[in-house]
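Participant: sequence and predicted structure, then a few things I'm wondering about:
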Amino acid sequence: MTLIKRNPTALKSWKSLESNFKNHAQKKITDYFSEDADRIKKLSLQWESFYVDYSKNLLDEKTLSLLTEMAKESGLNEAIEAYFRGAKINETENRAVLHTALRQLNPISIMVDGEDITPQIEVVKKQMFDFADRVISGDWKGHTGKAITNVVNIGIGGSDLGPAMVTEALEFYSNHLQLTFVSNVEGDHVEQVIKTIDPETTLFLIVSKTFTTQETLSNANTLRKWFLNHAPESAISQHFVAVSTNLEKVTDFGIAPENVFPMNDWVGGRFSLWSTVGLSICLAVGPKHFENLLQGAAKMDEHFRTTDFKENIPVILALITVWYNNFWKVETEAIIPYSQYLRNLPAYLQQAIMESNGKGVDREGKTIDYQTGNIIWGASGTNAQHAFFQLIHQGTKMIPADFIGFAKPLHVGNDHQDKLMSNFFAQTQALMEGKNGETVRKELSDQGKSPEQIEALLPFKVFEGNRPSNTLFIEQLTPNSIGSLIALYEHRIFVQGIIWNIYSYDQWGVELGKQLANNILKDFDGDKIDHHDPSTQGLIQQYKKFRK
Ligand code: F6P
């Protein structure tokens with residue numbers, strides 16, 4: 001079964017939400033708390049080591065019940081089953097979407113094209129774990145007999161962002177191996193990395209699902225050339241391994257078959273960190289922690305698959321996004337992790353969310369006349385407080401935000417954690433409550449300001465408040481909790497895609513730029529550029545002048 005195709009705006013629940021919205025437009029979040037003493041109990045969820053508070057939002061129980069009704073009407077129950085079962089829900093590429101199969105708690109058979117994929121997943125995982133153990137222990141040697149000290153991951157998009165983000169997130173759990181990520185096609189990026197590595201002790205992972213990506217192949221070729229200036233051709237097999245679905249192209253590149261870690265086309269690039277694409281993570285933290293990451297994600301999968309929508313964390317959070325995106329007409333959403341380890345979570349989620357749900361055509365191929373993919377941005381707190389929070393607090397736009405924090409620090413013996421937590425809680429409180437004129441007046445008067453000074457300053461010091469947020473409060477940053485957190489966002493993406501009636505697992509929108517870049521590249525050394533538009537012609541001409 002493929003996905004049901006239903007225009008969400010034609011659903012009965014959508015119409016009810018439109019009228020429900022009118023009741024909320026004039027209300028304040030604080031009013032909901034005054035009206036219902038039990039609001040926090042009703043609008044928060046405790047699951048494993050997660051406490052999710054979604055009470056600071058512009059909605060009430062009626063809204064939530066209409067939103068969950070909308071999820072049902074959209075066919076979400078059937079879609080979830082199709083997703084986990086391996087139906088080809090990525091219809092435009094005729095593929096199943098099975099990153100969940102890579103992290104099953106109790107592995108069961110999953111059939112793709114008549115073949116059970118579960119046994120093969122276990123075989124490949126063992127290959128990856130054995131390899132990681134050998135490199136970490138020093139048993140795997142470089143061509144001069146020295147153990148590996150540095151690992152360079154060469155990949156881009158999903159073959160970079162997920163592994164890089166998780167490697168950084170789990171730095172506390174890492175071993176002695178130094179991980180570096182090269183992604184950009186810009187030569188300066190790879191040259192900068194070359195300065196930091198030793199050809200005798202560096203292992204290169206070429207990670208590319210397709211093995212055709214310009215950036216990755218350019219960087220891989222440059223690094224291979226550099227390596228061969230310091231080592232014989234026969235040394236390649238001790239220093240270069242590849243992760244790909246395209247075994248033919250990998251062989252053409254010169255990687256020995258035993259150094260290839262296969263992946264499958266039923267894993268999308270941006271959801272692939274659980275597969276062999278996560279080899280860099282596995283090397284950085286070791287198989288045990290990698291397994292815990294998988295298990296954390298698997299627990300979230302189970303929660304998502306089996307829990308009633310009203311208590312289902314990914315479903316609730318997805319519906320809240322739809323509420324703001326489609327009824328409040330909000331365009332962006334901020335993600336603020338209160339952990340420096342997660343400083344790249346927003347960048348990772350930008351790809352996961354925007355490449356998935358940035359679509360303007362529905363599942364029937366029709367142009368959409370309602371809003372889909374929201375814009376994701378953010379940075380780690382408390383840095384973000386000193387950067388862009390001014391706009392979130394007092395700007396003219398409403399920006400719902402996810403605040404993510406961990407109760408227990410990883411390093412003990414300092415007094416920072418209470419300060420961090422007080423900031424973490426204070427921000428969502430300030431966003432919701434704001435500060436009214438009366439309070440500002442009193443504060444200024446207590447500071448000895450004159451009535452004229454008070455009136456002049458007052459408008460600038462008032463905070464309207466009423467700005468929504470979710471708090472994802474987690475006991476501690478562990479491989480397990482990070483696995484659950486990432487899986488939470490993956491399923492949230494899925495739910496939104498189902499409701500918006502789009503295909504979340506293709507990415508045709510990145511193709512045109514790649515195609516035109518190839519055309520332009522050919523023209524740099526030719527004489528004819530008049531087939532380009534005048535602006536692009538001007539830029540090409542200018543580039544030719546500059547590069548002389
Ligand atoms: O940017 C488009 C994209 O196809 C992403 O979806 C993908 O993660 C990235 O390029 C890298 O692709 P590959 O792993 O095939 O090199």
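Facilitator: That came through fine.

Participant: tally of neighbours for the closest residue to Ser55 other than its chain neighbours?
Facilitator: Leaving aside its chain neighbours, Ser55 sits nearest to Leu43 (3.8 Å; criterion: Cβ to Cβ, 6 or more residues apart in numbering). Quick note: C-beta positions are derived from backbone N, CA and C, even for glycine. By the criterion of other Cβ atoms under 10 Å, Leu43 has 22 neighbours.

Participant: same check on Gln26?
Facilitator: Other residues close to Gln26 by other Cβ under 10 Å number 7.

Participant: quickly find the element holding it.
Facilitator: Using DSSP states H and E, Gln26 maps to neither a helix nor a strand.

Participant: and if you look at Val52?
Facilitator: Secondary structure (DSSP H and E) places Val52 in strand 50-53.

Participant: that strand pairs with which strands?
Facilitator: strand 44-47 (antiparallel), strand 469-476 (antiparallel) (DSSP bridges).

Participant: tell me which helix or strand comes right after the last one.
Facilitator: Proceeding C-terminally, strand 469-476 gives way to helix 479-499 as the next helix or strand, assigned by DSSP H and E.

Participant: closest point of the stretch 201-350 of the chain to the ligand, which residue?
Facilitator: Closest to the ligand within the stretch 201-350 of the chain is Gly269: 2.6 Å, counting by Cβ to the nearest ligand atom.

Participant: that residue contacts Ile156, doesn't it?
Facilitator: No - the criterion here is Cβ atoms under 8 Å, and Gly269 misses it with Ile156 at 9.2 Å.

Participant: which of the two has more neighbours?
Facilitator: Neighbours per residue, other Cβ under 10 Å: of Gly269 and Ile156, the larger number sits with Gly269, 25 against 20.

Participant: what sits against the residue nearest to that one when sequence neighbours are not counted?
Facilitator: Once flanking residues are discounted, Gly269 sits nearest to Gly158: 3.0 Å by Cβ to Cβ, 6+ apart. The contact partners of Gly158, taken as Cβ atoms under 8 Å, 6 or more residues apart in numbering, are 209, 268-273, 277, 351.

Participant: near the ligand, which residues of the stretch 401-548 of the chain are found?
Facilitator: Residues of the stretch 401-548 of the chain lying near the ligand by Cβ under 6 Å from any ligand atom: 507, 510.

Participant: how about the stretch 401-548 of the chain: which residue is closest to the ligand?
Facilitator: For the stretch 401-548 of the chain, Cβ to the nearest ligand atom, closest residue to the ligand: Val510, 4.1 Å.

Participant: please report how far the closest residue to that residue other than its chain neighbours lies from Lys15.
Facilitator: Closest residue in space to Val510, ignoring its immediate chain neighbours: Glu355 at 7.2 Å, by Cβ to Cβ, 6+ apart. Look at Glu355 and Lys15: by Cβ to Cβ, to the nearest Å, they are 31 Å apart.

Participant: cool, Thr149 as well?
Facilitator: From Thr149 to Lys15 the distance is 62 Å (Cβ to Cβ).

Participant: equivalent analysis for Leu516, please.
Facilitator: Distance from Leu516 to Lys15, by Cβ to Cβ: 42 Å.

Participant: on that earlier part again, would you turn the strands paired with strand 50-53 into CSV with mean neighbour count and mean pLDDT?
Facilitator: As requested, those are exported to CSV (neighbours: other Cβ atoms under 10 Å; pLDDT from 0 to 100):
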stretch, mean neighbour count, mean pLDDT
strand 44-47, 14, 98
strand 469-476, 19, 98
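
Participant: quick one: closest of those strands to Lys88.
Facilitator: strand 44-47 (30.5 Å; Cβ to Cβ).

Participant: neighbouring contacts of the closest one?
Facilitator: In contact with strand 44-47 (Cβ under 8 Å, 6+ apart) are residues 51-55, 303, 311, 313, 316.

Participant: list the residues that contact Trp500.
Facilitator: Trp500 neighbours (Cβ under 8 Å, 6+ apart): 8, 322, 357, 359, 362, 368, 370, 372-373.

Participant: on that earlier part again, can I get the strands paired with strand 50-53 in JSON lines with distance to Lys126?
Facilitator: Listed next are the strands paired with strand 50-53 as JSON lines, based on distance: least, Cβ to Cβ, whole Å:
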{"stretch": "strand 44-47", "distance to Lys126": "31"}
{"stretch": "strand 469-476", "distance to Lys126": "29"}
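
Participant: any idea how far the helix or strand harbouring Phe304 is from the chain center?
Facilitator: Element membership of Phe304, judged by DSSP H and E, is helix 287-306. Averaging C-alpha positions (Cα atoms, centre = their mean, to the nearest Å) puts helix 287-306 16 Å from its chain's average.

Participant: check contacts around the nearest residue to Gly358 once chain neighbours are set aside.
Facilitator: Once flanking residues are discounted, Gly358 sits nearest to Gly373: 3.8 Å by Cβ to Cβ, 6+ apart. Contacts here follow Cβ under 8 Å, 6+ apart; on that basis Gly373 touches 353-354, 356-359, 500.
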